[in-house]
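Asks: A structural model of the following input is requested.
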Amino acid sequence: MSSLQLLASTLLFNNSSSCSNIKSKQYSSTLSLKRINCAINVPKASSTRKLIVDQGLHKFKETTAPLFDKNKNDNIIKILHDNEDDDACHSKSTADSSSKTTNTKIHELYAVLEAVSDRIEMHNNMKEQRDNWNTLLLNSINMITLTASTMAGVAAATTAHDGSSFALKLSSALLFSAATGMLLVMNKIQPSQLAEEQRNATRLFKQLHSQIQTTIISLINNNNNSSEEGDEVVKGAIEKVLALDKAYPLPLLGGAMLEKLPSKFEPARWWPSPNNLLKNGKVLQLDNNNGWNMELEREMREVIEVVKRKDKEEYERLGNMALKMNKGLAISGPLLTGIAALGCVAAFLGGDNNGAMVGVVGGAMAAVVNAIEHGGQVGMVFEMYRNCGGFFQLLEEEVEATLEENDLDKRENGELFEMNMALKLGTSVSQLRQLASPLHTTHIHEFASKLF
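Replies: Here you go, the predicted structure:
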């Protein structure tokens, strides 16, 4: 048993020694390989310098060396930074100048907007006041006239020639005289026409107020406007305000009031005179540019022709009729009350009742005339026709000015212009095109405007 254990231990010792010899050989071979690799990967300095010279890399170093010159690079970087700073400062100063100009024009437009708002309030107040004038003066004059007629009738019916009869005749004469003077003043100023003027002025100033607000929003959204464009916008807004002030004045004295009974009918004009119309118009041979084409231009010309031949002429005819009627009534009213006053005076001085009967009839007729003239507001009707005539005149000038503009980019978009034209005339775009068709324009039987 002991001999077997000794044999096993001997075999194990031999095996372990052989394994350790093998491991020592592998480790030594590994070390030798690492030494070889190190010898290959780490060359000597002399051999490396020789390799660089042989490959001509020294030339590369000589050519690239100036790029890494610190002083020269600092100078170049400084120059580039200075140029960038100059460009940035120039662009910033230009942007600041443009923004400052835009802000100035916006402030000026806000000042104009405040003036327009104040005028809207003033014209609205004047409209209410002058409408009250028409009602109160008409009622007062008719009451005076009818009272004087009643007193003259009572005096004529009285057979007794006492103090009461003379007092009635004298009172009726005084009342007729007062009614004549009040009628002269009332027919001169035409309160119903004044009230209509203020209504139109209020409406037009509200339109201008909306336009200026839209312009301000456009300037705020677009800061690239030049100073010349801003000046033109502000100047145009001021000219529109002054033109409206001239067309619808507030004062009645000092020659500022419009003539209420002019010699002929003339349409109202509340817009500035066109100063920038191009006279050298030319035919545009373009199919489509900014929404415009030859067919659309022909359509606009045909529509304006219909407006001239039908709408404008019709409102001029109606305006002349209203003017003649207003003149006749304005003369008839004071004339009748004046005749009635003279009849009462003659009855008072001569003691004859025939003069009193003249006063009764004259007073009754004067009351009827006043009710037709001022109760029917004939002056207001005349002003309405005058305003409608001005609307068609403005429409005509807008179309002509647009078509005479040769630069199509400066025009309003053609499709938008056509839609606005249809809305102003109270029709649809299809009806507007049908109105401008050659077959329709040869026999014009309807008006262009369906709104007025």
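Asks: Got the domain ranges for the protein?
Replies: By the record's domain assignment, the chain is partitioned as 2-66, 105-255+298-441 (automatic domain parsing).
Asks: want to throw those domains into JSON lines with distance to Phe447 and mean neighbour count?
Replies: In short, each C-beta sits where N, CA and C put it, glycine included. Shown next, in JSON lines, are the domains of the chain (distance: least, Cβ to Cβ, whole Å; neighbours: other Cβ atoms under 10 Å):
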{"stretch": "domain 2-66", "distance to Phe447": "87", "mean neighbour count": "10"}
{"stretch": "domain 105-255+298-441", "distance to Phe447": "5", "mean neighbour count": "18"}
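Asks: Quick one, which of those domains gets closest to Pro272.
Replies: When the domains of the chain are ranked by distance to Pro272, counting by Cβ to Cβ, first place goes to domain 105-255+298-441 at 4.2 Å.
Asks: Please identify the helix or strand for Arg433.
Replies: Assignment of secondary structure by DSSP states H and E places Arg433 within helix 429-435.
Asks: Name the nearest residue to Glu405, ignoring sequence neighbours.
Replies: In space, Glu405 comes closest to Arg411 once its chain neighbours are excluded; the distance is 5.3 Å by Cβ to Cβ, 6 or more residues apart in numbering.
Asks: Model confidence for that neighbour, exactly?
Replies: The pLDDT attached to Arg411 in the predicted structure is 87.
Asks: which residues does Asn124 contact?
Replies: Residues touching Asn124, when contacts are defined by Cβ atoms under 8 Å, 6 or more residues apart in numbering, comprise Gln198, Thr202.
Asks: going forward can the numbers begin at 426, since that is how I track them
Replies: Will do, 426 is the new start, and the previous item becomes Asn549.
Asks: per-residue confidence for it?
Replies: Per-residue confidence (pLDDT) for Asn549: 95.
Asks: for Ser698, same thing?
Replies: 77.
Asks: same check, this time on the one 4 residues further on
Replies: The score at Leu702 is 38. That number is its pLDDT.
Asks: Also Ala873?
Replies: pLDDT, the model's per-residue confidence, is 84 for Ala873.
Asks: Can you classify Phe630 as helix, strand or coil?
Replies: Under the three-state scheme (DSSP: H, G, I helix; E, B strand; the rest coil), the conformation of Phe630 reads as helix.
Asks: Do I have it right that it meets Ala668?
Replies: No - here Phe630 does not reach Ala668: they are 11.3 Å apart, not a contact under Cβ atoms under 8 Å.
Asks: What ranges in the stretch 426-575 of the chain fall below the confidence cut-off?
Replies: In the predicted model of the stretch 426-575 of the chain, residues 426-526 satisfy pLDDT under 70.
Asks: in the chain, which spans are helices?
Replies: According to DSSP state H, the chain carries its helices in the segments 427-466, 470-480, 482-489, 495-582, 588-614, 616-646, 652-672, 719-731, 738-775, 778-795, 803-829, 839-850, 854-860, 863-866.
Asks: how about the ones you listed in CSV, adding distance to Met682?
Replies: Below are the helices of the chain laid out as CSV (distance: least, Cβ to Cβ, whole Å):
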stretch, distance to Met682
helix 427-466, 111
helix 470-480, 106
helix 482-489, 92
helix 495-582, 11
helix 588-614, 7
helix 616-646, 8
helix 652-672, 12
helix 719-731, 33
helix 738-775, 15
helix 778-795, 21
helix 803-829, 13
helix 839-850, 30
helix 854-860, 39
helix 863-866, 42
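Asks: which one of the ones you listed lies closest to Leu686?
Replies: In this view, the helices of the chain are compared for proximity to Leu686 by Cβ to Cβ, and helix 738-775 is the closest at 5.4 Å.
Asks: For the closest one, the averaged confidence score.
Replies: Computed over helix 738-775, the mean pLDDT rounds to 92.
Asks: Which secondary structure elements does it sit against?
Replies: For helix 738-775, the helices and strands in contact under the criterion 3 or more Cβ pairs under 8 Å, 6 or more residues apart in numbering; DSSP states H and E are helix 495-582, helix 588-614, helix 778-795, helix 803-829.
Asks: Nearest to Tyr740 among those helices would be which one?
Replies: Across the helices and strands packed on helix 738-775, Tyr740 has its closest neighbour in helix 803-829 (4.8 Å, Cβ to Cβ).
Asks: how many degrees apart are that closest one and helix 719-731 in direction?
Replies: Relative orientation of helix 803-829 versus helix 719-731 (axes from the mean of the first three to the mean of the last three Cα atoms, to 10 degrees): 150 degrees.
Asks: Give me the contact list for the helix holding Arg858.
Replies: Where contact means Cβ under 8 Å, 6+ apart, the residues beyond helix 854-860 that reach it are 724, 727-728, 731, 843-844, 846-847, 850, 852, 865-866, 871, 873.
Asks: Same question for stretch 808-821.
Replies: In this structure, residues lying in contact with stretch 808-821 by Cβ under 8 Å, 6+ apart are 618, 621-622, 625, 690-696, 729, 732-733, 736-737, 740-741, 743-744, 747, 846, 849-850, 874, 877.
Asks: Please save the CA atoms from it in PDB.
Replies: Only the C-alpha atoms of stretch 808-821 are listed here, as PDB (Å, rounded to 0.1, in the frame of the first residue of the first chain):
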ATOM      1  CA  GLU A 808     -78.100 116.500 -50.300                       C
ATOM      2  CA  MET A 809     -78.600 112.800 -50.600                       C
ATOM      3  CA  TYR A 810     -78.600 113.000 -54.400                       C
ATOM      4  CA  ARG A 811     -75.600 115.300 -54.300                       C
ATOM      5  CA  ASN A 812     -73.800 112.700 -52.100                       C
ATOM      6  CA  CYS A 813     -74.700 109.900 -54.500                       C
ATOM      7  CA  GLY A 814     -73.400 111.900 -57.500                       C
ATOM      8  CA  GLY A 815     -70.200 112.400 -55.600                       C
ATOM      9  CA  PHE A 816     -70.000 108.600 -54.900                       C
ATOM     10  CA  PHE A 817     -70.200 107.800 -58.600                       C
ATOM     11  CA  GLN A 818     -67.700 110.600 -59.500                       C
ATOM     12  CA  LEU A 819     -65.200 109.100 -56.900                       C
ATOM     13  CA  LEU A 820     -65.800 105.600 -58.400                       C
ATOM     14  CA  GLU A 821     -65.000 106.900 -61.800                       C
END
